[in-house]
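>>> Could you look at this predicted model? Sequence included:
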Amino acid sequence: MISITAADLSGISPALHLAVAGIAIMLLDALWPMRSKLLSVWITLAALGCSLTTSLHRLTAGVDVTLFNGAVRMDGYAHAFSAIICLASTLAVLSAPKYLRLRGVHLAEYYALLLFSVCGMVLFAAAEELIMLFLALETLSIPVYCLVGFTRTNVYSTEASMKYFVIGAFATGFLVYGIALLYGAAGSGYLVDLRAGAARAPGLFYAGMTLLLVGFLFKIGAVPFNMWTPDAYEGAPTPVTTFMAEAVKAAPFGGMIKVLFVGFGFDAAVGLWQPALVVIAVLTMTVGNLTALVQTDVKRMMGYSSIAHSGYILVGILAASKLQSADALAAVLYYLFVYVLMNAGAFGILILFSHKDKDTNAVEDLTGLARERPWAAALMAVYMLSLTGLPPLAGFFGKFYIFSYAVKAGYVPLVIIAILNSVVSAYYYLKVIVAMYFRGPEDTGRAAVFHYEGYSVFLLAMLWFTAWGILYYGIHSEPQLALARLAASSLFATAP
Amino acid sequence: MSHLLPDILFYVFSALSVAGAVLVLVNRNPMTCAMSLVVSVLSLAILYLLLSAHFLAVAQMIVYAGAIVVLFIFVIMLLNLTDEELGRFRFSLFKTIGAFVAVATLLAVAPDIRVSIPAPAAGDAGAPAGYGSTKAVGKLLFGEFLLPFELTSILILSAMVAGVVLAKRELQPKKTHSLVDWLLGFFRT
């Protein structure tokens, strides 16, 4: 008795495209290894494009279906996350071929693993049930452990992969234990039923909630579960860092927000997670930013900066949970969208000037970039200023919307801390701009060479698109916000 | 009378399972740990049997007690750690905190465990016929849990590919003619 219908398959197509493309790439590589590399790039881009357009189309059409006996629900929320993740992954894929080819590891498996991971991410935001949630999280994590160690001969890459794997597996242990306890408390694995567990078996419920939250906070890299982030970011091949900093960063929020809002709800009796998240948000922002100040490696610095940004996003989630308004949650989705653009661009510049034997990673490596490559320096300046949150760039509007809803929700001290943190963060983002524009070889005593080794149209397209997006979607944020509102209201329709 | 034997078995094997798990934690010798794990895992399998989950019990024995513990033992024997390398047991702040957290969690959870088990209805005759059989599990896997089941196959596939990528010796394919090249050869002429 196989209960699978055409409606099920069509409903889940954003994830299905990706899984099928991943398998197709592996078959292609087995049958035709000499030609499979470039073809797999195109197959990957096509699959991601299909998923992106399907998700966007269904989001605007207001499709809302529960599939596979309630295992997943493809509503506006799931489609919005699917669109953000597919966009992020497309940008990461565009940055990869040149870098991997130069290092002799341009393998078709890279794209297959990436697609499997993205498939897990899409299902993670759609999961309605704890088993599904767990499997989707594992599907999104395990390929990334391998991608981090993809340049196998590089000691740092292998070390980062090992660290990330061990700590990730440890976090998964917490998550599974939490799931088991919550299932015991609620007597059901469906998110909507979890809340009932608080009255039925409070000890089990709160222990389970804590463990589940610890698992999620590991994945988003919140303090005090952030140890893996800088090491994994620094050691991974830069295109993989790009993927981690945007897609792997945004996806866990999809499942986390859903579990918090739909599973645990906002009742004071059940909503004990809110005060805990306030403390974690403050710690995450502050520790992330202060540690980023002293970094000299751009990838490592961006790792700490991504921790700090997790803190800002947590502020947005808290505001949305207090106000229980779709508008506030839409601000979080918009922030994730903007965050994806800024990060992809910043890492893209590092990839642009990375050579066969040496990566451009240190801030010092960018010294004098503006004299030799004015356009590249200008793009990098745009990304850095947007990450700082300078108007009229998209990064400013992302922060502005989140902070203004947080003020409306009454989290004024939290917003003051967040704004102070943004000011602190300006120091290390501007450090990159100062190195590019106001310093030359005479300051560092060694001349940096900036030439494109292996010209890549993909990478240039990615850089120009992200820069355009940051400039355009900042001022014209209304269409994106409208889509995000549509997504957020579909989540609140199911929340208590 | 008929309930006495299962009850006794339940308590014996629950105790064994917990004792095995505790021994895994406190033993210094990895080989003893692995053997304690076998005790714990096999006792769990018996508990599954007592709950009439036959398929699960067999799967537990084959997969956990068989495959996974054997893998552990392989790794332990390959590493072949000496007593000096293992070090002596030392108290540290983290271990103490960890023990406290574990005990606190146990105390918080313990009173609720009874609540979380649904009470048997009056005149409950136990599991229905065929419950826990391979057929029943198969029906669940391919019915209610079809999507998680299929996602697991993608998960395992990607884990396998990941393992091969990280461990394989040759990165670039040899310049041999593949099946597709061979087929295309017919069109070139």
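Okay, I see it. Here the structure is a predicted model, which means the values were calculated and not measured.

>>> Check the burial of the closest residue to chain B within the stretch 151-300 of chain A by counting its neighbours.
Of all residues in the stretch 151-300 of chain A, the one sitting closest to chain B is residue A:201 (3.5 Å; Cβ to the nearest Cβ). To be clear about C-beta, it is placed using only N, CA and C from the backbone, and glycine gets the same treatment. The number of residues packed near residue A:201 is 25, by other Cβ atoms under 10 Å in any protein chain shown.

>>> now the strands: where do they sit in chain A?
Assigned by DSSP state E, chain A shows strands spanning A:65-67, A:72-74.

>>> So which bits of the first one are buried?
Right, strand A:65-67. A:66-67 (16 or more other Cβ atoms under 10 Å in any protein chain shown).

>>> Repeat that for stretch A:480-487.
In stretch A:480-487, counting by 16+ other Cβ under 10 Å, buried: A:480-481, A:483-487.

>>> Work out the gap between it and the centre of the chain.
18 Å (Cα atoms, centre = their mean, to the nearest Å).

>>> pLDDT (mean, whole number) over that stretch?
Averaged over stretch A:480-487, pLDDT sits at 91.

>>> try stretch A:44-61
The model assigns stretch A:44-61 a mean pLDDT of 96.

>>> Say whether chain B is contacted by it.
No. Using Cβ under 8 Å from any Cβ of the partner chain, stretch A:44-61 never reaches chain B; the gap is at least 13.9 Å.

>>> before we move on, back to that, my guess is the residue of the stretch 151-300 of chain A closest to chain B meets residue A:194, correct?
No. Counting by Cβ atoms under 8 Å, residue A:201 sits too far from residue A:194 to count as a contact (11.6 Å).

>>> Just the pLDDT for residue 112.
Using chain A here. For residue A:112, the predicted pLDDT is 95.

>>> ah, no, chain B please
The per-residue pLDDT of residue B:112 was computed as 80.

>>> do the same with the one 5 residues further on
What the model reports as pLDDT for residue B:117 is 72.

>>> ditto for residue A:9
88.

>>> any residues in contact with both of residue A:201 and residue A:194?
Residues touching both residue A:201 and residue A:194 by Cβ atoms under 8 Å, 6 or more residues apart in numbering or on different chains: residue A:185.

>>> Can you lay out the strands of chain A as a markdown table showing mean pLDDT and distance to residue A:98?
Converted to a markdown table, the strands of chain A look like this (pLDDT from 0 to 100; distance: least, Cβ to Cβ, whole Å):
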| stretch | mean pLDDT | distance to residue A:98 |
| --- | --- | --- |
| strand A:65-67 | 90 | 39 |
| strand A:72-74 | 92 | 35 |
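
>>> of all those, which lies closest to chain B?
strand A:72-74 (6.3 Å).

>>> so how far is the worst-scoring helix or strand of chain A on mean pLDDT off the chain centroid?
Least confident element among the helices and strands of chain A, by mean pLDDT, DSSP states H and E: helix A:441-444 (a mean of 74). Distance of helix A:441-444 from the chain centroid (Cα atoms, centre = their mean) equals 36 Å.

>>> mind listing what's buried in it?
So, applying 16+ other Cβ under 10 Å, helix A:441-444 has no buried residues.

>>> Turn the strands of chain A into CSV, columns for distance to chain B.
As requested, those are exported to CSV (distance: least, Cβ to the nearest Cβ, whole Å):
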stretch, distance to chain B
strand A:65-67, 7
strand A:72-74, 6
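
>>> pLDDT averaged over stretch B:147-167 - what is it?
So the average pLDDT for stretch B:147-167 ends up being 93.

>>> Excluding chain neighbours, what is closest to residue A:83?
residue A:55 (4.2 Å; Cβ to Cβ, 6 or more residues apart in numbering or on different chains).

>>> Burial check on that neighbour, number of neighbours?
So residue A:55, with other Cβ under 10 Å, has 28 neighbours.

>>> how far away is it from residue B:71?
40 Å (Cβ to Cβ, to the nearest Å).

>>> list the contacts for the closest residue to chain B within the stretch 351-496 of chain A?
Closest residue of the stretch 351-496 of chain A to chain B, Cβ to the nearest Cβ: residue A:356 (15.1 Å). Applying Cβ under 8 Å, 6+ apart to residue A:356 gives the contacts A:102-103, A:453.

>>> Where does pLDDT dip in the chain?
Picking chain A for this. Within chain A, the segments meeting pLDDT under 70 span A:1-3, A:268-271, A:445-448, A:495-496.

>>> sorry, should have said chain B
Using pLDDT under 70, the flagged stretches of chain B are B:1-2, B:118-127, B:169-178, B:185, B:187-189.

>>> Show me what from it comes close to chain A.
Residues of chain B lying near chain A (Cβ under 8 Å from any Cβ): B:105, B:108-113, B:115-116, B:118, B:139, B:142-148, B:151-152, B:154-155, B:157-159, B:161-166, B:171-173, B:175, B:178-181.

>>> Could you pick out the buried ones from the residues you listed?
By 16+ other Cβ under 10 Å, those give B:105, B:108-109, B:112, B:115-116, B:139, B:144-148, B:151-152, B:154-155, B:157-159, B:161-162, B:165, B:178, B:180 as buried.

>>> Show me those that map onto helices.
If you go by DSSP state H, those have B:105, B:108-109, B:112, B:115-116, B:139, B:146-148, B:151-152, B:154-155, B:157-159, B:161-162, B:165, B:180 in helices.
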